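S.K.: Based on what follows, work out the 3D shape:
(one chain, ligands or ions: 2)
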Amino acid sequence: MNSMDISYILDDLNDAQREAVTVDDRHALILAGAGSGKTRVLIHRIAWLVQVMGFSAYNILAVTFTNKASNEMRGRVDALIGHDAQGITMGTFHGIAYRLLRTHYQEVGLPQTFQILDADDQKRVIKRLLKAMELDEAQWPHKQVIAFINGEKEEGRRSQHIDPGHNPYVVKMVQIYQAYEEQCNRSGLVDFAELLLRAHELWLKNPQVLAHYQARYRHILVDEFQDTNSLQYAWLRVLTGASGKLFIVGDDDQSIYGWRGAKIENIRQFDRDFNDVKTVLLEQNYRSTGIILKSANELIAHNEDRMGKNLWSAGEDGELIDVYEAFNELDEARYLCNQIETWVEQGGSRKDIAILYRSNALSRVIEHAFLQAKITYRVYGGLRFYDRAEIKDVLAYLRLLLNREDDAAFERVYNHPPRGIGNKTADMIRVEAKINQISLWQAAQQMVDSGLTARAKSSVAGFIDLILSLDEQTNNLDLQNQVMKVITQSGLQTHFEKDKTEQGLGRLENIDELINAASTFKPTELVAETISDQPEEVGVDFIDDTIFQNPLAEFLAQVALEAGEQQADKWEESVQLMTLHSAKGLEFPLVFMIGLEEGLFPSQQSREDASKIAEERRLAYVGITRARTKLIISHASRRRMHGKEFYPQSSRFLKELPQDCLNIIRLANTNSFNKHGSYRNYGNYGGFAPKPDASQSGYEIGSRVFHQKFGEGTVLAVEGDGESARVQINFKHAGTKWLVAAFANLEKLL
Ligand code: ATP
Ligand code: MG
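M.R.: Ligands and ions are numbered 1, 2, ... in the order given. Prediction:
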């Protein structure tokens, strides 16, 4: 290939990036700070391998961290090399593991119909199990049990691999772990950690399969490598084998999943674990203004034990970072709305805006304010579409149609909507299942034949008949009609229709959205490509295309894997709300980071532990470096959360930013909210939360106020306090109205 042809691969790169892209036949570690073009380099590397080095797309495996990042990567590779990109295996660790298991379910001992158990289902299964084992939740909290099991799996250990010694706590945990494994095996369920563990065992137990994939994937590229856990790393190492080449891209300063088992050491050790590693450092940041970059650099400099990098920008200094000191969370939300409106008035686009927060709980107030202000938005990664209860209800029916042994699905819907199967009956079924080591479905069937009272019997039989007849009726339908049928016949539709509240309507809308999703569903591209690009010379038929024969199975798997992420681009013109964790790898012209308060960010749990604080600081670094042109940070001196009022201190991270880069904005007019002045600090979240004084709504009966639209009026009554305080006002010209004080923007007249 001549140099003209390849210029498009190398032209838009700086020297260091070019060096990375063109590394010869060695392992490579690209270590660089945020916005330095790591992801860009990885994409260009793929183009280089295929178009210049002549590798087949089939030889390339590219792993990213989120589905969104993976879709983006696919789009960018396609744009760069077009048709040649077809056949590249791309996805998240979980997605790739899933596809491997679908293909090789027999080799890893799974039933063909195995289903993914998501975090919420896992919780249910564990809770049931604890109950069945007669373990007290107070002593054996399900969260701890889940953390134990997932943690062990992430280290590659099954229950039989753990030597509990004489520690009674570990002995019991291992017993629970074992019971959980048995339960999942019986039901054909695979949790997220299990996906990876089985995929790893696939390598270890099937040398022939491993050899096949080792020969296939000559180049393995991994983005966001700093967040791999032990099992993912081990999986990669085995797959790479003696002949594959790893191209690792990462930033130790952006390791933010330590709490979920990510090992920052993986990136630190990489050049010791592998021979002949070429390390390339990228130091020029192309994303952010000078001010934003300087702030990020100074913040992260407070962490110790970094691999150490310099990051500079040739761009302009840009605007100062605005720091808004809100009176409370409503004021914070209102400020956000104003800023967004200004941005849009000045010609900016809503989709260029991201609101980042440490905890999902912060989104609700913002959402509420956006609804009032008619600012379109979408919550990304929050209570995600597929995590919503009503959606999970429908999915559970679908799962049961596919696989009767799915106990988690059975548990969810056997009496939902209510059909007279009481707790006692359910317990009897559970006991029957446990004693005979059978699924709940089987147990229920047996119990109908004998062992239940007449009434219970007819309810249980009703449920069994429902599932059987649904199965029969939906057998030949397309996916969309299958889903519709399930929604109506199960009784869920009628059940939700009874609820006339806003929430109830929302549920029905969500269900409609699920039907939409089913109607537009296509099996994942990757499976298709993996199969279509199988070269002739591979003798063994490793790829099993029966996975195509069941769109429902594929649909359910995608739903579990991509919970919520697929609606990412649905409303083009909307502000994006997301947690700091899910913002990783993304960039936006305007970024808001809200709730920078001690106890929120850094989180309460991290405040006692230096290594956790360091991880929180990396998270703040990730947040700041998402911004391209403008960053706005806010914190509130009073915040209502979980039904309590808190008076937090501002986050230590604010104090760690270079003060000359900040533009502090204090409240201009707080008197309608707080007649005691604007700023009070009482402590932190989780600690002392003093009761606000009774007159804090600030309105006295008889006082005179002015409203933008309704004009002058007199306060007749005040009801409630805090964000929900309402005032009744008799307006001179507009009559008597109830207004929510927090949103009414009332001016007090003397
Ligand atoms: P993160 O650590 O946040 O994942 P990253 O290192 O992966 O960041 P990229 O997302 O690849 O960085 O790049 C950041 C921005 O800089 C992107 O908009 C990218 O297009 C741009 N960019 C990177 N390299 C160059 C370059 N050589 N010339 C122009 N723009 C560049
Ligand atoms: Mg990146």
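
S.K.: any idea whether the single nearest residue of the stretch 501-650 of the chain relative to ligand 1 is helix, strand or coil?
M.R.: Closest contact between the stretch 501-650 of the chain and ligand 1, by CB to the nearest ligand atom, is at Gly585 (4.3 Å). Glycine gets a C-beta too; all of them are placed from N, C-alpha and C. Recorded secondary structure, Gly585: coil (DSSP: H, G, I helix; E, B strand; the rest coil).

S.K.: is it true that it touches Asp227?
M.R.: No. Counting by CB atoms under 8 Å, Gly585 stays clear of Asp227, with 10.2 Å between them.

S.K.: between those two, which one's more packed in?
M.R.: Asp227 (25 against 20; other CB atoms under 10 Å).

S.K.: ok, back up a step: mutual contacts of Gly585 and Asp227, please.
M.R.: Both Gly585 and Asp227 are contacted by Phe65, under the criterion CB atoms under 8 Å, 6 or more residues apart in numbering.

S.K.: before we move on, the earlier item: what's the separation between the residue of the stretch 501-650 of the chain closest to ligand 1 and ligand 2?
M.R.: Distance, Gly585 to ligand 2, by CB to the ion, to the nearest Å: 4 Å.

S.K.: which ones are touching that residue?
M.R.: Counting by CB under 8 Å, 6+ apart, Gly585 makes contact with Thr39, Thr64, Phe65, Thr66, Ala69, Asp223, Glu224.

S.K.: so how far is Arg26 from the nearest residue to the third one once chain neighbours are set aside?
M.R.: When the adjacent residues along the chain are set aside, Phe65 lies closest to Glu224, with 4.3 Å between them (CB to CB, 6 or more residues apart in numbering). Glu224 sits 21 Å away from Arg26, taking CB to CB, to the nearest Å as the criterion.

S.K.: wait, doesn't the residue nearest to Phe65 sit right on Ile248?
M.R.: No. Look at Glu224 against Ile248 with CB under 8 Å: they stay out of range, at 9.9 Å.

S.K.: Quick one: name the residues of the stretch 551-700 of the chain near ligand 1.
M.R.: Within the stretch 551-700 of the chain, the positions adjacent to ligand 1 are Gly585, Glu587, Thr625 by CB under 6 Å from any ligand atom.

S.K.: Same question for the stretch 251-400 of the chain.
M.R.: Proximity of the stretch 251-400 of the chain to ligand 1, by CB under 6 Å from any ligand atom, involves residues Asp251, Gln254, Tyr286, Arg287.

S.K.: Restricted to buried residues, select the contacts of Gly585 in PyMOL.
M.R.: A single PyMOL command selects the buried members of the contacts of Gly585 (16 or more other CB atoms under 10 Å):
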select buried, resi 39+64+65+66+69+223+224
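
S.K.: among the contacts of Gly585, which are in helices?
M.R.: Thr39, Ala69 (DSSP state H).

S.K.: quick one: which of the contacts of Gly585 is nearest to ligand 2?
M.R.: Each of the contacts of Gly585 was scored against ligand 2 by CB to the ion, and Thr39 proved nearest at 3.3 Å.

S.K.: Can you classify Lys457 as helix, strand or coil?
M.R.: The three-state assignment at Lys457 reads helix, by three-state DSSP.

S.K.: I'm done for today, thanks for sticking with me.
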